[in-house]
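J.: predicted structure and sequence below. I'll ask about it afterward.
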Amino acid sequence: MTTTTLAVLVPLLPFLGAAAGLLLGRTAPGFVRPLAVLPSLAALALAAVVAVRQGGDAAVDAATELTPTGSVPVELALHIDGFAALVAVLVAFVATCVQIYSTGYLRDDPRYPSYAALVSLFTSAMLLVVYSGDLIVLLVGWEVMGICSYFLVGHYWETPEARAASVKAFLVTKLGDVPFLIGLFALATDAGSFRITKVLDTVAHGGLHHPTLIALLLLAGVAGKSAQFPLHTWLPDAMAGPTPVSALIHAATMVAAGVYFVARLLPVFEASSAAMVVLAVMAAVTMAGSGLAALAQDDIKRVLAYSTIGQLGYMTGALAVGDRGAAVFHLLSHGAFKALLFLAAGVVIHATGTNSLAAMSRMGGVRARVPDAFWTMTVALLALAAIPPFSGFFSKESVLGAAEHAATGDTAHIPGAAGWIVLVAGLLAALLTAGYATRLWLLAFHGKGVEAPDHGRQPLAMNAVLWVLAVPSLALGGLAYRVLPDWFDGRDLTPTLTTSVLGTGVALVGVVVTYGAWRQTTAFAAGAPLGAVAAHPEGDAGLVEAEAIASHTPAYGDVASAPDPADPGRLLLGPLHRHAANGFHLDAVYGALFVRPVLAAADLVRFLDREVVDTYVRGAGTLPRLLGAAVRRAQTGNLQTYVSALLAGTVVLTVAVLLVATGA
């Protein structure tokens, strides 16, 4: 088979698996799990073959036009360069791990067939985005991911939190997609084509007439899809979905689509210095704000959600300084260790029966019960905190190194201000990341917690996936920074001495300070009882999670609602803690600026419709009704009355005619 044929099969196989799963889910339930796992596994194998054949050499391009679409043609096109080849392997790899993991995590869920089919469809859509060489075809995959996210986040639709989270995720991302669509049309109008290669060729020859406007419109969609400030508020709430959904959609793939899009079209953004500065500011605010918010969360999945937002900020920061190699390097590294973090959190949920709401401070003492999750999560947290030699160190240092080069003026066409903004924010984020990673590890595995009931050993599929993901989390970075330049733009990804010392230094400071704060708060809270615990019924992890979310209580008993006072985040943040825990009240701000005015406008329209429009409609019907009533009174049914009226009318007409004739 040719490379083009294999590339077509990569997104097609999960799509066929999704269709078959939906058709056979009820009639042949025994085929559901194989149809969930095998297509993704086959897609992973084919994506690896495509990557090996592409080998970082010249891009593989192919296109066909199904039907004429006017002056700007739309084509089914492939454009597979080194970036696309490796990102596709990541997507297929994480999707396969999630599908295998879900066979154990959701083994008793009655809606597992539809869940597995949606995950496969989502995987197909993301692979379409990665391989597509036409912007409209890319947009199709982009939107299919959005609708799949809506259904998967709302998987536990019986709970109001899941319903609200799915609607919020859909609306916020669509808010960014509207200007994104306009930007795509404007870009294609200037370039005369939706083909990515032709667009980039137009940019290279200075053919864009409105680069700043186009770049800013596209950035709105990127901010929504990749959860960047100010459109990031949907991602923490999306944790109401099953934990494997969080690992796939909201850690490794969907939220990376915006970053990947900017990386693929980076010359379009580099054509506008203003757009690059805006991108740098967006990345800086996202990194700093999400780090502070993560340090204040007590829900383990919300900590990881804000962590995802911050790590995506690193990727957009690398793009803001013109280094897409560093951005995609961190995307690959982050995809592995963040999926591992979410899936390990799912194992803890499965083992203890705790739900994802306000549970981290009550998880202490489960280390011996979940040794696989403990050790693999430790590896992932070290990678997240960018401690050498774990993968996160190399990829994060490539971002900081690129920012340093831009700040010192070594990167052409990149404003020095963008470099300084990303560098300072990146170092601050490194400090905060190490802090909340340490806090999570201490509270979840070493805190006082409570003695939750033991829900038994986790399925082998779940633990096996953790160890598979631990391998790239540990070893990917040290190998990749030497190999990836040949696949990307050839730019060196080797960590620089200055940023390595600074980045690692502030990370170690974050670890030490957080540990010291934890020791201090633990000593202070040593005599504070956490409350009595009542046993929670046995149940599947996913169902326990849903029941707990619905009841707004810890899934394993009646515990005091206040978090464990032995929380270093409270001591470190001080008066800022309350605001950070609430996401700096951005939802309240959006409610005041957008939601309330829209609801008020809706109330006004309803009033006008009911009191004004309906009044005219009712008035238009009143006059004929009155005339009908008058005529109805004349219809007595008495023949003498009718004859008398006829004679009277005849007399009146005769007199009238005589008067007219006399007057003439």
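T.: Yep, that arrived. Residues are numbered from 1 along each chain as shown.
J.: low pLDDT regions in the stretch 1-150 of the chain?
T.: The model of the stretch 1-150 of the chain has no residue with pLDDT under 70.
J.: 90 instead?
T.: 1-2, 22-31, 55-58, 65-73, 104-110 (pLDDT under 90).
J.: do the same with the stretch 501-650 of the chain
T.: The low-confidence ranges in the stretch 501-650 of the chain, as defined by pLDDT under 90, are 519-569, 594-595, 608-649.
J.: which parts of it are helices?
T.: 541-551, 568-573, 577-581, 586-590, 596-607, 614-634, 639-663 (DSSP state H, counting those that start in this stretch).
J.: which of those sits closest to residue 266?
T.: In this view, the helices of the stretch 501-650 of the chain are compared for proximity to residue 266 by CB to CB, and helix 586-590 is the closest at 28.3 Å. Placement of C-beta: from N, CA and C, glycine included.
J.: buried residues in the closest one?
T.: 586, 587, 590 (16 or more other CB atoms under 10 Å).
J.: what do you get for stretch 412-419?
T.: Of the residues in stretch 412-419, those buried by neighbour count under the rule 16+ other CB under 10 Å are 414, 415, 418, 419.
J.: got the contact list for the last one?
T.: Contacts for residue 419 (CB atoms under 8 Å, 6 or more residues apart in numbering) come out as 280, 321, 403, 404, 405, 406, 407, 408, 411.
J.: surely the first one and residue 320 touch.
T.: The one in question is residue 280. Yes: here residue 280 lies in contact with residue 320, judged by CB atoms under 8 Å, at a distance of 3.8 Å.
J.: which residues do these two both contact?
T.: By CB under 8 Å, 6+ apart, the residues touching both residue 280 and residue 320 are 418, 421, 422.
J.: quick one: the first one from residue 643, how far?
T.: Taken as CB to CB, to the nearest Å, the spacing of residue 418 relative to residue 643 amounts to 99 Å.
J.: for whatever helix or strand residue 198 lives in, give the mean pLDDT please.
T.: Following DSSP states H and E, one finds residue 198 within helix 196-204. For helix 196-204, the mean per-residue pLDDT is 94.
J.: other SSEs contacting it?
T.: Identification of packing neighbours for helix 196-204 by 3 or more CB pairs under 8 Å, 6 or more residues apart in numbering; DSSP states H and E yields strand 76-80, helix 160-191, helix 266-270.
J.: now these in CSV, with mean neighbour count and distance to residue 634?
T.: Written out in CSV, the entries for these read as follows (neighbours: other CB atoms under 10 Å; distance: least, CB to CB, whole Å):
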stretch, mean neighbour count, distance to residue 634
strand 76-80, 22, 75
helix 160-191, 19, 60
helix 266-270, 21, 79
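J.: got TSV for the ones you listed, with distance to residue 372 too?
T.: Below are the helices and strands packed on helix 196-204 laid out as TSV (distance: least, CB to CB, whole Å):
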stretch	distance to residue 372
strand 76-80	36
helix 160-191	28
helix 266-270	40
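J.: confidence score at the residue nearest to residue 366 when sequence neighbours are not counted?
T.: When the adjacent residues along the chain are set aside, residue 366 lies closest to residue 352, with 5.5 Å between them (CB to CB, 6 or more residues apart in numbering). As summarised for this prediction, residue 352 has a pLDDT of 71.
J.: wouldn't residue 352 be in contact with residue 368 here?
T.: No: using CB under 8 Å, residue 352 is not in contact with residue 368, being 12.0 Å away.
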